[in-house]
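>>> Here you go, sequence then predicted model.
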Amino acid sequence: MFRRTFWFTAGAAAGVWATTKVNRKLRQLTPESLAAQAANKAIDAGHKLKDFALDVRAGMVQRESELGEALGLGTPPGGPELPAQRRLAAVEPPRRPFDKHGKRDEHTYTSHNRNEDH
């Protein structure tokens, strides 16, 4: 009788365990769960790519400083300063030329606007 009770309990425990495993796997395979897993993997890949880019940038700065020291391109303290940044002049539309009397000469004007041709 103890033998039958043992095997009955073992079978019931195995059934509960198997049912639990199957239900977990089914929940993992739902469309919402698959979408969430894909999003998490994409975020992880983005973080890894960002870390890689930062490592590359740090290596570039380090190598550039090594090359600058090797070639003697380092600026001494108190060295020349960089010139101020220039501003670009605004692009002006083409002006119409004036004739000899100070009036606009409409015949010599060439427009770069293609809409005026139509």
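Cool, got the structure.

>>> Show me where this protein has its strands.
Here the chain has no strands by DSSP state E.

>>> Any stretches of it with poor pLDDT?
Within the chain, the segments meeting pLDDT under 70 span 74-83, 85-118.

>>> Does anything pack onto the longest helix seen in it? Which helices or strands?
Across the chain, the helix with the greatest residue count (assigned by DSSP state H) is helix 31-71. If contacts are counted by 3 or more C-beta pairs under 8 Å, 6 or more residues apart in numbering; DSSP states H and E, helix 31-71 sits against helix 2-28. The way it works is simple: take the backbone N, C-alpha and C, and place the C-beta from them, glycine included.

>>> Show me what the helix it packs on packs onto, helices and strands only.
Using 3+ C-beta pairs under 8 Å, 6+ apart: helix 2-28 touches helix 31-71.

>>> orientation of the helix it packs on relative to helix 2-28 in degrees?
60 degrees (axes from the mean of the first three to the mean of the last three C-alpha atoms, to 10 degrees).
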